[in-house]
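Enquirer: Predicted model and sequence below, questions to follow.
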Amino acid sequence: GIRGCGKNSNHVKPRILLMGLRRSGKSSIQKVVFHKMSPNETLFLESTNKICREDVSSSSFVSFQIWDFPGQIDFFDPTFDYEMIFRGTGALIFVIDSQDDYVEALSRLHLTVTRAYKVNPDINFEVFIHKVDGLSDDHKIEKQRDIHKRANDDLADAGLERIHLSFYLTSIYDHSIFEAFSKVVQKLIPQLPTLENLLNIFISNSGIEKAFLFDVVSKIYIATDSSPVDMQTYELCCDMIDVVIDISCIYGEGGLPYDKESMAIIHLNNTTVMYLKEVTKFLAVVCFLRKESFERKGLIDYNFHCFKNAIQEVFDVRVKVQQNRKLLSQRRWSKLSMTNGTLSNPH
Ligand SMILES: Nc1nc2c(ncn2[C@@H]2O[C@H](COP(=O)(O)OP(=O)(O)OP(=O)(O)O)[C@@H](O)[C@H]2O)c(=O)[nH]1
């Protein structure tokens with residue numbers, strides 16, 4: 001696995017904030033993406049009344065926090081230290097209920113974004129136009145265009161057109177929520193270009209058409225090769241992971257449902273093969289390839305072995321960099337206290 005990664009990444013955990021009006025769907029998103037709750041069960045979720053901090057690092061590769069705010073926050077409430085919160089935030093997801101009137105949501109979005117930007121201009125602002133399951137395709141595009149325009153007009157009016165907002169159409173009833181979350185998380189992974197590059201090399205040398213690197217627990221893909229992603233392919237991958245984990249839970253001989261031995265092959269029709277293999281404790285690669293290419297499975301497995309080692313190195317470097325940083329700051333710290341010592345005890 002990624003040795004020591006969980007322990008060492010503690011102090012660089014990118015934090016994701018989940019915000020939006022009451023009943024916009026924040027808790028549902030969190031439960032569906034990270035707790036395997038089925039979308040229908042969210043109908044019975046109770047309203048959130050406090051800020052919930054949840055750490056999803058223990059079970060998943062992606063170590064970040066979701067702060068599920070109750071619908072309305074009063075920025076003028078002195079007990080609410082929004083500065084401290086925004087300072088440590090990597091991405092702010094603002095959820096807008098597309099089935100509801102969104103005038104109030106837009107003004108709330110504007111207020112939140114401008115406040116947050118003042119404290120921390122490096123935050124990624126991500127707007128989820130949510131609950132689009134009830135809308136036709138034309139309607140979806142129209143909603144997105146309208147919300148996009150109004151939100152950016154508001155920013156322009158305030159002289160803040162440099163603030164960039166990204167928009168996603170989401171629903172918990174299909175895979176769009178996982179796909180949107182994947183994109184949000186990917187922006188927070190500094191090794192992304194390296195991971196993409198490794199995937200490109202791996203697939204071009206193995207006759208693979210498409211490969212995804214998945215966080216198994218959340219089904220977020222943290223990287224893919226540079227060919228375009230199509231939604232159906234992504235959905236198939238999610239389904240494959242579910243099948244593998246479910247079968248393993250039901251028929252596995254005790255132990256964890258996902259481990260070093262985990263791998264699966266699915267022949268889709270007579271032309272395409274899906275191949276899943278374990279990369280680390282949290283990550284798996286899912287590949288799509290033609291049946292002919294799969295005849296050279298030995299080559300693919302050898303290339304996979306090299307790919308896996310390279311991934312390991314990427315994360316080992318990350319751990320080392322973090323350790324060095326820690327060491328360096330400890331040294332500075334001890335120098336500082338030594339100087340202080342001589343100053344206060346001059347003998
Ligand atoms: N149709 C549809 N309904 C959704 C979707 N996501 C959430 N909902 C429903 O929206 C309602 C409110 O969801 P919550 O997750 O409780 O909303 P919240 O933003 O956490 O609400 P507060 O805790 O009050 O701030 C629930 O009945 C969900 O079932 C979606 O994608 N589509």
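Expert: Perfect, thanks for sending it. Numbers count the residues shown, from 1 in each chain.

Enquirer: in which helix or strand would I find the residue nearest in space to the middle of the chain?
Expert: Residue closest to the average C-alpha location in the chain (Cα atoms, centre = their mean): residue 185, at 2.9 Å. Element membership of residue 185, judged by DSSP states H and E, is helix 176-186.

Enquirer: Which SSE is immediately downstream of the lowest-mean-pLDDT helix or strand in the chain?
Expert: Taking mean pLDDT, DSSP states H and E as the measure, the helix or strand of the chain with the lowest value is helix 5-8, at a mean of 36. Counting by DSSP H and E, the element after helix 5-8 in chain order, helix or strand, is strand 15-20.

Enquirer: Output the set of residues of this protein in proximity to the ligand.
Expert: 20, 22-28, 42-43, 45, 47-48, 70-71, 130-131, 133-134, 171-173 (Cβ under 6 Å from any ligand atom). Placement of C-beta: from N, CA and C, glycine included.

Enquirer: Show me what the helix holding residue 185 is packed against.
Expert: helix 26-35, strand 124-130, strand 165-169, strand 220-224, helix 231-251 (3 or more Cβ pairs under 8 Å, 6 or more residues apart in numbering; DSSP states H and E).

Enquirer: can I get those in a markdown table with mean pLDDT and mean neighbour count?
Expert: Output for these, formatted as a markdown table (pLDDT from 0 to 100; neighbours: other Cβ atoms under 10 Å):
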| stretch | mean pLDDT | mean neighbour count |
| --- | --- | --- |
| helix 26-35 | 86 | 21 |
| strand 124-130 | 97 | 24 |
| strand 165-169 | 97 | 18 |
| strand 220-224 | 91 | 24 |
| helix 231-251 | 85 | 15 |
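
Enquirer: Output those in CSV, with distance to residue 198 appended to each entry.
Expert: Converted to CSV, the helices and strands packed on helix 176-186 look like this (distance: least, Cβ to Cβ, whole Å):
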stretch, distance to residue 198
helix 26-35, 25
strand 124-130, 24
strand 165-169, 25
strand 220-224, 8
helix 231-251, 18
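
Enquirer: who wins for proximity to residue 140 among these?
Expert: Nearest of the helices and strands packed on helix 176-186 to residue 140, taken as Cβ to Cβ: strand 165-169 at 5.4 Å.

Enquirer: Name every strand pairing with the closest one and say which way it goes.
Expert: strand 124-130 (parallel) (DSSP bridges).

Enquirer: Let's verify residue 122: helix, strand, or coil?
Expert: Secondary structure, DSSP: H, G, I helix; E, B strand; the rest coil: residue 122 is coil.

Enquirer: Next, give phi and psi for it.
Expert: Dihedral pair for residue 122: phi -90, psi 0, per degrees, to the nearest 10.

Enquirer: what does residue 265 give?
Expert: According to degrees, to the nearest 10, residue 265 has phi -130, psi 130.

Enquirer: That one and residue 297: what is the separation?
Expert: Note on residue 265: its distance to residue 297, by Cβ to Cβ, to the nearest Å, is 9 Å.

Enquirer: So for these two, which residue has more residues nearby?
Expert: Higher neighbour count among residue 265 and residue 297: residue 297, with 15 against 12, using other Cβ atoms under 10 Å.

Enquirer: who's in contact with that one?
Expert: Going by Cβ atoms under 8 Å, 6 or more residues apart in numbering, residue 297 touches no other residue.

Enquirer: Same question for residue 184.
Expert: Contacts of residue 184 by Cβ under 8 Å, 6+ apart are 16, 91, 93, 124, 126.

Enquirer: Also residue 113?
Expert: 92, 94, 125, 155, 163, 165.

Enquirer: tell me the angle the helix or strand encompassing it makes with strand 15-20.
Expert: Assigned by DSSP H and E, residue 113 belongs to helix 103-119. Following axes from the mean of the first three to the mean of the last three Cα atoms, to 10 degrees, one obtains 150 degrees for the angle between helix 103-119 and strand 15-20.

Enquirer: So for helix 103-119, mean pLDDT?
Expert: The pLDDT scores in helix 103-119 average 91.
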